[in-house]
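Colleague: Build the 3D model from these lines:
(chains A and B)
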2 protein chains.
Amino acid sequence: MDIDSLAEKIASGDRRSLSRAITLVESGRADHRAQAVALLEALAGRGRQALRIGLSGTPGVGKSTFIEAFGMMLVGSGLRVAVLAVDPSSARSGGSILGDKTRMEQLSRAPEAYIRPSPAQSQLGGVARRSREAVALCEAAGFDVVLVETVGVGQSETMVAEMTDLFLLLLAPAGGDELQGVKRGIMEMADMILVNKADGDLKAAATRTCADYSGALRLLRKRAQDPEGFPKAMTVSAYEGDGLEAAWGEMQALADWRREAGHFDARRAEQARYWFREDVRQGLLARLSGPGVAEEMARLADAVAAGEVTATAAAEEMLTRLR
Amino acid sequence: MDIDSLAEKIASGDRRSLSRAITLVESGRADHRAQAVALLEALAGRGRQALRIGLSGTPGVGKSTFIEAFGMMLVGSGLRVAVLAVDPSSARSGGSILGDKTRMEQLSRAPEAYIRPSPAQSQLGGVARRSREAVALCEAAGFDVVLVETVGVGQSETMVAEMTDLFLLLLAPAGGDELQGVKRGIMEMADMILVNKADGDLKAAATRTCADYSGALRLLRKRAQDPEGFPKAMTVSAYEGDGLEAAWGEMQALADWRREAGHFDARRAEQARYWFREDVRQGLLARLSGPGVAEEMARLADAVAAGEVTATAAAEEMLTRLR
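Modeller: Numbering: from 1, shown residues only, chains lettered A, B, ... in the order given. Alright, predicted model coming up:
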């Protein structure tokens, strides 16, 4: 594969080349990895700076409907939108081949939008690296907004927050006593909470829930770099399209503020540091599943379980062999 | 240091030798590590099989009072008791030198009890390995019960559950709506929930709280290997000594059941496997803070943050150097 010409095609906005490149970064093959590294290096600094938006929300809050409506609104105002999914669960309903495209029918047909189905993978470390590299590829391809979606499972929110500029939490209307169901850690990550389904019978409940979360957000420590009023809770109706433009306005205002204050680029630099360290760690640990090593690990684990050697001594032996 | 003679002294129950040995496993020096490995190997399979009990609970639930009263009750029935603490926070109130002994005054003076203050350490992986090795040393020294205490912070419960046979969760009386404050994951780890402070004004609230948790425990998936009625919630008063013998009776019943069914040893074998893998992982990652490597990591991280190289390429470079 000619990496330089692939890079040129991606930079010129060719979607098939972008898809090929994402497949390349998703590959586990060593030769593919070397090509992926070269490609990312060739594209570094190319294209505009996109706004990377992380979106989290448990199943049932209407995430697909929101992405469809929000994405179409952005496309309608002349922006190019890429949608990626980070999904550490292998048992995703709908599968990863057709699922993402069929659940966002309009957006997947829009020429200004690009939807990448989530890879069928279960190892979070690997999923995160690939997603982050896919974000960089979409940015190099000239998209204005890159939306990274995650299901609310385990560490996936932290990963997505570390690869995006803004982090949105999409919630459903709920009774006040259900408010505690949202983990405090997730609340602290969010730049904006959007209470969806503010339509029909649920409109009043959505307004109440939004007020509850506004109150809860005020109790959290305010980030020094953010303007008054953030993090912020708002209601939206993905179904009726209400509140999407207002929410987008707030996102832009927050991003502009951070850009002017220098926090935007500073945060990206910190994220790059984080991923460098994380990639090194994951790369080191990957040796344990390499050829020869995995078998030796299994053999020693059996000996440890049988009481033939202590875990401590077996680990020392393994580490000596790896040195 | 003569490792064989140290091992003999520990096996004969010499407390000063036990303390020296725990200091050895806590040491970060390479020569100490080699001696620790040899010592653990020499002691493997020595002594009786102790009952290892993990105890978790947030500050304020009366953990120290419970350990003091529970430990004295065990000592009173002729058992030898060791108490260890796993504390990943470096900012522990009271410090680690006098703190643990002064907060358990009676027990620390009992000749049948051994209390080891928690090491002042902040790296959880290291803390866990040392604690697990200290548990093995206490077991080799002939203690009947080894109590491993943890504060309810982050991953520390998981670590303690992986190094003990039974896991207790100590809770304070609370209103029904506070019940959600206990993370589901922690609830699922617990073999028994003990609601403390079932005395004086709080007795009624403790009884109510206990009933609430009993209900919540029934909703969790029952472990196939456990008898009817477990996991179980009970009230205790560490202050008045009420319920401690009953709780101990249940712990023994559960442990006996598991022993007879073969689950007790099977679980220890699985734990040994877990710690072998974990030690190898931590040992590999420790290379990143080694001499020369740490400086190179910092240099590359700066280059990544400055945009001179992508995180991906820098990580590849580092991994190549480590190979």
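Colleague: so after the helix ranked longest in chain A, what's the next helix or strand?
Modeller: The residue-count maximum for a helix in chain A (DSSP state H) belongs to helix A:263-286. Downstream of helix A:263-286, the next assigned helix or strand under DSSP states H and E is helix A:293-305.
Colleague: Please identify the buried residues of that next one?
Modeller: A:Val293, A:Met297, A:Leu300, A:Ala301, A:Ala303, A:Val304, A:Ala305 (16 or more other CB atoms under 10 Å in any protein chain shown). C-beta here means a position set from N, CA and C on the backbone, and glycine is covered the same way.
Colleague: What of stretch A:54-71?
Modeller: Buried, per 16+ other CB under 10 Å, within stretch A:54-71: A:54-57, A:61-71.
Colleague: which one of the residues you listed is nearest chain B?
Modeller: A:Gly54 (17.6 Å; CB to the nearest CB).
Colleague: Now do the strand or helix carrying the closest one against helix A:263-286, angle only.
Modeller: Element membership of A:Gly54 [criterion: DSSP H and E] is strand A:51-56. On the basis of axes from the mean of the first three to the mean of the last three CA atoms, to 10 degrees, strand A:51-56 is oriented at 60 degrees to helix A:263-286.
Colleague: is chain B contacted by strand A:51-56?
Modeller: No - using CB under 8 Å from any CB of the partner chain, strand A:51-56 stays clear of chain B, coming no nearer than 14.6 Å.
Colleague: Quick check: can you name the pairing partners of that strand and their directions?
Modeller: Here strand A:51-56 has these sheet partners by DSSP bridges: strand A:145-150 (parallel), strand A:166-171 (parallel).
Colleague: Mind exporting the C-alpha coordinates of the helix or strand just after it to CSV?
Modeller: Per DSSP H and E, strand A:51-56 leads on to helix A:63-76 as the next helix or strand towards the C-terminus. Extracted in CSV, the C-alpha atoms of helix A:63-76 (Å, rounded to 0.1, in the frame of the first residue of the first chain):
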residue,chain,number,x,y,z
LYS,A,63,-29.0,8.1,21.5
SER,A,64,-29.4,7.0,17.9
THR,A,65,-32.4,9.3,17.4
PHE,A,66,-30.3,12.1,18.9
ILE,A,67,-27.3,11.5,16.7
GLU,A,68,-29.6,11.3,13.6
ALA,A,69,-31.4,14.6,14.4
PHE,A,70,-28.3,16.4,15.7
GLY,A,71,-26.2,15.3,12.8
MET,A,72,-28.9,16.3,10.2
MET,A,73,-29.1,19.7,11.9
LEU,A,74,-25.3,20.2,11.6
VAL,A,75,-25.3,19.0,8.0
GLY,A,76,-28.2,21.4,7.3
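Colleague: model confidence over helix A:63-76, on average?
Modeller: The average of the pLDDT scores along helix A:63-76 is 96.
Colleague: Which strands or helices does the helix or strand following that helix pack on?
Modeller: Reading on from helix A:63-76 to the C-terminus, the next helix or strand found by DSSP H and E is strand A:81-86. Strand A:81-86 is packed against helix A:63-76, strand A:113-115, helix A:124-140, strand A:145-150, helix A:156-161, with contacts defined by 3 or more CB pairs under 8 Å, 6 or more residues apart in numbering or on different chains; DSSP states H and E.
Colleague: what's in contact with the fourth one?
Modeller: I take that to be strand A:145-150. Contacts to strand A:145-150, defined as CB atoms under 8 Å, 6 or more residues apart in numbering or on different chains, come from residues A:50-56, A:63, A:67, A:70-71, A:74, A:79-87, A:131, A:135, A:138-139, A:156-157, A:159-160, A:163-164.
Colleague: now do the first one
Modeller: Outside helix A:63-76, the residues that touch it by CB under 8 Å, 6+ apart are A:55, A:57, A:81, A:83, A:103-107, A:110, A:112-113, A:144-145, A:147, A:149, A:170, A:194, A:196, A:236, A:238-239, A:241, A:244-245, A:247-248.
Colleague: Quick check: A:Asp256 vs A:Leu166, distance?
Modeller: 11 Å (CB to CB, to the nearest Å).
Colleague: Which single residue in the stretch 151-300 of chain A comes nearest to chain B?
Modeller: A:Asp279 (3.4 Å).
Colleague: With chain B in mind, check whether the strand or helix carrying A:Asp212 reaches it.
Modeller: Per DSSP H and E, A:Asp212 falls inside helix A:203-219. No - Helix A:203-219 lies out of reach of chain B by CB under 8 Å from any CB, never closer than 14.3 Å.
Colleague: how about that helix: buried residues?
Modeller: Under the neighbour-count criterion of 16+ other CB under 10 Å, helix A:203-219 has A:Lys203, A:Ala205, A:Ala206, A:Arg208, A:Thr209, A:Cys210, A:Asp212, A:Tyr213, A:Ser214, A:Ala216, A:Leu217 buried.
Colleague: just to revisit the earlier point, now the residue of the stretch 151-300 of chain A closest to chain B: closest residue in space that isn't a chain neighbour?
Modeller: B:Ala315 (3.4 Å; CB to CB, 6 or more residues apart in numbering or on different chains).
Colleague: so A:Asp13 makes contact with A:Ala140?
Modeller: No Asp there; residue A:13 is Gly. No - using CB atoms under 8 Å, A:Gly13 is not in contact with A:Ala140; the gap is 9.8 Å.
Colleague: Tell me which of those two has more neighbours.
Modeller: A:Ala140 (24 against 15; other CB atoms under 10 Å in any protein chain shown).
Colleague: Return the residues in contact with the closest residue to the more buried one other than its chain neighbours.
Modeller: Distances taken as CB to CB, 6+ apart put A:Leu43 closest to A:Ala140, at 4.0 Å, once the chain neighbours are dropped. The contact partners of A:Leu43, taken as CB under 8 Å, 6+ apart, are A:Ala7, A:Ile10, A:Ala11, A:Ala136, A:Leu137, A:Ala140.
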